[in-house]
Structures are given as C-alpha cells and as structure tokens.
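J.: Provided below for reference: sequence and predicted model.
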There are 2 protein chains.
Amino acid sequence: MKAFALAADEGCAVRFFRVTRVAVAAALLCAAASVARAESDSLPSWNDGKAKQAILAFVKSAATAGSPDFVTPEARIAVFDNDGTLWSEQPMYFQLAFALDRVRALAPQHADWKTKEPFKSVLAGDLKGALAAGERSMLEIVSASHAGMTTEEFAAIVSDWIATARHPRFKRPYTELVFQPMLELLAYPRANGFKTYIVSGGGIEFMRPWAEKVYGIPPEQVIGSSIQTKFELRGGKPVLMRLPAIDFIDDKAGKPVGIQKFIGRRPVFAFGNSDGDLQMLEWTAAGQGAHFMGLVHHTDGEREWAYDRKSPIGALDKAWDEATAKDWTIVDMKTDWKVVYPKPE
Amino acid sequence: MKAFALAADEGCAVRFFRVTRVAVAAALLCAAASVARAESDSLPSWNDGKAKQAILAFVKSAATAGSPDFVTPEARIAVFDNDGTLWSEQPMYFQLAFALDRVRALAPQHADWKTKEPFKSVLAGDLKGALAAGERSMLEIVSASHAGMTTEEFAAIVSDWIATARHPRFKRPYTELVFQPMLELLAYPRANGFKTYIVSGGGIEFMRPWAEKVYGIPPEQVIGSSIQTKFELRGGKPVLMRLPAIDFIDDKAGKPVGIQKFIGRRPVFAFGNSDGDLQMLEWTAAGQGAHFMGLVHHTDGEREWAYDRKSPIGALDKAWDEATAKDWTIVDMKTDWKVVYPKPE
C-alpha cells in the first residue's frame, strides 16, 4: 500500500510540474486521488479494483443519511460465512482437524476404537476410510469429539486446541490462517454502524471461544450448527450437557433459517464463498432497500488454495453462476488481495 | 414519588432548623438522603424497600470499576421473562388470546371447524373444552393460528392484532399492560451498560414485531419458543414458511438451553415470575462473579392479579421456595410498585 501511494503521489507531482497550462486541473485531480486513497485505507490489504470499489461504495452509501442507499442503523446487519470466507478451509475444515485430534486424544480411553470404524481409520490416519460411511461416520466422529461434556468443558477443550494446534501446511495456529482482507472487511462496516455476524455451517460452540478475539465478533453474534444440550444438576450444580444428537444444521437452506431464528431481521450485507452460502445470499438479495452480496473465489494456489466447481470442500458452482448472472461481487483472491494472511505474530 | 420526595425534604428542613446543636450533622444526613433520592429516581415507580435497594445496589456495583461486584461491560447480560414479568398474563397468556382470535378470524375458511375439536369449542367460546385434550389441543390451535404463512406474513398478522386487540378486563391494548416498574428495570441496567434480553416461553416471532417499540429490546435480543421454518422459493422469491411443527420450547429447563444457544454467555442478572423461570435463575445463580436473581410476585388483585402456588397460569411455587431459601429478591407487586401499568396514552 505504501509503495502504491508513493507512486501515485509521484505521478501527481510530475504531472503538476510538467503541464503548467493545466496545473490547476491536475492539482484537483491529485486532490481527488488523495481523497480516494484516504477512503480506501479502510481496506488497505485490498488491491484497487471492482470488488474493493463496490464494497467501499455500498458501505459508504448505507451509512450516509440522505443517500439513496441509506440503511437505518438498526438494519445494518452484515453476515459472514466462516470456513473459506473468513479463514481457510483446506486441506480439510479446521473443525474436522479438531475432531480428529480429539478422537486421537481420547483413544487411550476407548480400547474398542482400535477395531471399530470410523475410529479405526481415524487412528490409522486414513481420513478417506474414516469418512467412507458418509454422514453416519461424520456423526460418530462428532459425537465422540463434541458431546458428552458440559458446554463449559467443551469451550475449554476448544480453547486449548486452538491455542496449541498447528496447520499442517503453514505450521501456524489456525487462528492465524484468517484472511487479513476479510478482517478489514469486518472492521470497516462495523466502523460504519454495522453489526457483524458469523453465519457458518461450522459448530457454534466451536467458534465462540475465539471469535471475539480473532474477529471482534462476540458470542451472541455467532450463528452456527449445533448439537442438542440438556440442562441438569450435576452434584447440585446446574450444567448444560452436550448430547450426541444434532440440533440444527446452519448450512445451505439452513442459513436463512438460522438468520431469522437468531437475528430476526434480514441482513443487508452478506459474504460467502461456496454453494453452502447461496441461500443466505439469495435471502439477502431479496430484501427491500439496499443490499450487498459478495463471494470469495479461491484462485490463489500459491498463497492459499485454488478451487471452485469440483472441490469436495467449499465447492463454488451454483452460487458462482448466480453471482455472475446477478452481478454480485466476486472477489478474486489472487488479484484482489495484496496479502492473504496476517503477518506472523 | 413527587409527594414522597417533598415530605422527605420537609423533614430534613424541620430537623435542620429545630436541632441547632446537630445542624451540621443533620445537613449531612439530608445531603445523603438527597443523593439516595437522585439515584432512586432511576426506578421512580418503585417504592423504597428491600427489592428496590437490592436492584440499585447491584446495578451500581456491577457498573463501577473497582467495586468488588464489578462486571466487565461485555458480561453485563440481563435476561427477563416476558409473561407475568414484563407484562400481565391473566386471564390467559396474551398469545393464547391472539391464537383464539386468529382461529375465529380464519373460521369462515374452515367449514369443518364447526364440528371438529378443539376448534368447535374455541368458536363456542368454551376455552376449557378447547384445551381439554391438553398438549394435542394446544398444538392444533398453534398450528392453525401460527403456521402456514411466511415469517413476514406472520409478523404482519401479529402487528395488526397487537394494534387492534383489547384486553377483556382493562379494555386497553395488550402492549399497554406492561409493567411500568419493569420498563424502568429494563432501562436502568441498560443505562449502565447492560444488554437486555427477553427469554420467554412465548413465541419468539410473536414478540419480535413489537418488543423494540414497547421494551426497547431489538429482535436479535428476543429469545422464545419457536416452530420450524423452511426456506423455499415461492414464485422465484425466497421465503421462510412457518411449519406446523415445534422447533424449540424456551421454558423451564429450556431457558438455560435457549440462553446458551442464542447468547453463548451466562447472564449476571435474571428476572422471572414463575416456576417456568426457575432453571434460568439457577443457571444465573451458578455463575462465577456477581449476579442478581429476582422474581415478581403477583400480590395485587386490585390493580392487577393475585396468584402464586396454585395458579394454572404462571404458578410460583418451587421458584418461590428456592428464592426464599437463597435470598433472591422477591418483588411484592402490591407494596413494591407505586403504579402497575403506564398511564393510558
């Protein structure tokens, strides 16, 4: 950003001194460029382009009284998918990595897992085998890793894992594999009176322990999938036990359902990255008044990953077509983002 | 309040002039009383008593950095039951009155209801007969009155009813049968950095259309019972259809579950009025750090209603015993409240 601003300033200076006949006009142009730069500093990790300009224009207009696209403060609801939108989701959803780590950690207490699928395959490092039985395998792994403890115990388990686990490719904590440009895209609408929510297919209680620190999003603004919990007295002390049963799947057509359930208002700003976000984007797009829909397209195999239509994780196919047809904003990670991840701490 | 403040001032003046030897001490006492009065003005409809003092002391302490009961701003979560706590619930839950009105309004389109229970009894004005089959009757009435339309259509139906329906005893809109002292008890913690939530057994989408205007509580801070909804395209337009199936019952042991699901933090301030609120109060009481638990006891048959242990609606029995044993605050409506309802507009 620094380099870019410098070059622009030099260009202005050069034009100003060389073309004396249009010196005033040139000075005005330079001033305008300077204003544009100051504004674009809200998204410093974004290259100047269609996506950045569309975001800046929408947020500014939504927050400006009298603008045709003004949005009243209480209606400024912005929703963001998490996996693949705010942080990476390769080579597997980070929550799946957590679940597998958890199964490995619990294995010594479950001798039968050595011979029982899907645990046998998990312990042998065979993910494909572990997930061979599809949804049933997944449910067994989730039940073993996410249920059977209190909500507070689970939060502590997640906090411990997130503090110690490292991503296999980048060898960094998972919470450092969040997208720097998206952190700015959370902060910028917030600075303009938007309330930012996560609306993720991932587990609500898997995200809450760290979402406030990492994204600035408090627990009550995290919406996600959940398992059932049950209030009971354990030794006279009230606890919420996590049960091995699905409560709500906050994905695809579940996302608008989750949004209405938790927020009770329709968002005016929605960002996703895959077909799992399509209905959330459609729901936002069908609102009255101004609204903005965006998609992150993973095009950067070097700095992150490149995948879309055929990816087994985070497939972007139907949502891409609809975004193209309806002129929603599509972020090209490779060309739109100056950096992908924050600098290592 | 005006009369009370005046009398106190006169007393101070009298003491000040009569007892010249302790004039300075008396003046100091008067000054202290004046400070106490200024503070108590936050709850002007509350008589000075144990309940009012406990509330004022807790909120002040929670919001004062350095106080032993200081609560960090983000943890200042206050939850309130609705029926019987923020507004009346007699002679029947107001939402049940809505449901019965709705059945009557829809009857012309359902010729079979004339002979089919529970509708036949509803249309004959026989509530007892209508609810004879217990939960099954209730579910049929809820399904007929609350399902089969989009979320937006339902919000419009509720808004229309709440604007036009009148309470049978007071002949006032239901939203005027909210408790003036409790409106103050919402505003006072809010003014001290608390986030106020409704946590009600009533329908979440029945409360949201009017809760912001009446209570200052936005839709995203309303938690309640819900029926299932389904995202679908109707004529190409995305809608959320309300289905005749229970999603979540936010009552009794469901209240802590709802609190954790929606807020993800434990409240530090909780107010209810019946056994349906017991687990919410227990959950709040078991939190670390400062917390406050309160109950409204309906003791005023003249201005409102008097009922507790044996009431078919809003029974206060086990929660009363636990509140007494654990020294939670119990508000005696008759003696603690100067007024019950706001003045008619």
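T.: Right, received. Where do you want to start?
J.: CA atoms for contacts and neighbours, from now on please.
T.: OK.
J.: can you give me the strands for chain A?
T.: According to DSSP state E, chain A carries its strands in the segments A:77-80, A:195-203, A:222-234, A:237-248, A:269-272, A:292-297, A:329-332.
J.: give me the sheet partners of the first one and which way each runs.
T.: It stands for strand A:77-80. Partners of strand A:77-80 in the sheet, by DSSP bridges, are strand A:195-203 (parallel), strand A:269-272 (parallel).
J.: buried residues in it?
T.: The neighbour-count criterion (16 or more other C-alpha atoms under 10 Å in any protein chain shown) identifies A:77-80 as the buried residues of strand A:77-80.
J.: closest to residue B:224 out of the residues you listed?
T.: The nearest member of these to residue B:224, counting by C-alpha to C-alpha, is residue A:77 at 20.8 Å.
J.: separation between that closest one and chain B?
T.: Look at residue A:77 and chain B: by C-alpha to the nearest C-alpha, to the nearest Å, they are 10 Å apart.
J.: count of residues packed around the closest residue to that residue other than its chain neighbours?
T.: Nearest non-adjacent residue to residue A:77, counting by C-alpha to C-alpha, 6 or more residues apart in numbering or on different chains: residue A:267, 4.7 Å away. For residue A:267, the tally of surrounding residues (other C-alpha atoms under 10 Å in any protein chain shown) stands at 27.
J.: now do the same contact list for residue A:284.
T.: The contact partners of residue A:284, by C-alpha atoms under 8 Å, 6 or more residues apart in numbering or on different chains, come to A:266-270, A:291-293.
J.: residues in contact with stretch A:61-79?
T.: With contacts defined as C-alpha under 8 Å, 6+ apart, stretch A:61-79 is touched by A:58, A:189, A:192-199, A:265-271, A:289-290.
J.: before we move on, back to that, okay, the contacts of residue A:284 in CSV with distance to residue A:143 and pLDDT next?
T.: CSV is the format used below for the contacts of residue A:284 (distance: C-alpha to C-alpha, whole Å; pLDDT from 0 to 100):
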residue, distance to residue A:143, pLDDT
A:266, 32, 98
A:267, 32, 98
A:268, 35, 98
A:269, 34, 98
A:270, 31, 98
A:291, 39, 98
A:292, 37, 98
A:293, 35, 98
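J.: now flag whichever of those residues is closest to chain B.
T.: Looking at these and their distance to chain B, the nearest is residue A:266, at 10.5 Å (C-alpha to the nearest C-alpha).
J.: confirm for me that that closest one is in contact with residue A:285.
T.: No. Residue A:266 lies out of contact with residue A:285 (C-alpha atoms under 8 Å); the separation is 9.6 Å.
J.: and residue A:312, how far from residue B:207?
T.: Here the criterion is C-alpha to C-alpha, to the nearest Å. By it, residue A:312 lies 42 Å from residue B:207.
J.: the more surrounded of the two?
T.: Neighbours per residue (other C-alpha under 10 Å) separate residue A:312 from residue B:207, with residue B:207 holding more: 23 against 10.
J.: leaving out sequence neighbours, find the closest residue to the more buried one.
T.: Nearest to residue B:207 is residue B:222, by C-alpha to C-alpha, 6+ apart, at 7.4 Å.
J.: per-residue pLDDT, the one you found?
T.: At residue B:222 the predicted local distance difference test score is 98.
J.: for residue A:157, same thing?
T.: In this prediction, residue A:157 carries a pLDDT score of 98.
J.: what about it, neighbour count?
T.: Taking other C-alpha under 10 Å as the neighbour definition, residue A:157 ends up with a count of 18.
J.: likewise for residue A:59?
T.: Residue A:59 - counted by other C-alpha under 10 Å - has 24 other residues nearby.
J.: list the contacts for it?
T.: Taking C-alpha under 8 Å, 6+ apart as the criterion, residue A:59 is in contact with A:189, A:192.
J.: so how far is residue A:332 from residue A:49?
T.: Distance check for residue A:49 against residue A:332: by C-alpha to C-alpha, it reads 10 Å.
J.: about what we covered before: closest to chain B out of the buried residues of strand A:77-80?
T.: residue A:77 (10.5 Å).
J.: tell me the bridge partners for that closest one.
T.: If you apply DSSP bridges, the partners that residue A:77 bridges to are residue A:195.
J.: related to what we said a few turns ago, so which of the strands paired with strand A:77-80 is the most packed in?
T.: Between these, the one whose residues have the most neighbours on average, counting mean count of other C-alpha atoms under 10 Å in any protein chain shown, is strand A:269-272 (a mean of 26).
J.: I'd say residue A:104 and residue A:123 touch.
T.: Yes. Residue A:104 sits in contact with residue A:123 when judged by C-alpha under 8 Å, with a separation of 6.2 Å.
J.: more crowded one of these two?
T.: Higher neighbour count among residue A:104 and residue A:123: residue A:123, with 20 against 17, using other C-alpha under 10 Å.
J.: can you list the residues of chain A near chain B?
T.: The interface of chain A toward chain B, taken as C-alpha under 8 Å from any C-alpha of the partner chain, is made up of A:205, A:208, A:219-221, A:229-232, A:237-240, A:253-254, A:256-257, A:262-265, A:282-283, A:286.
J.: no further questions, thank you.
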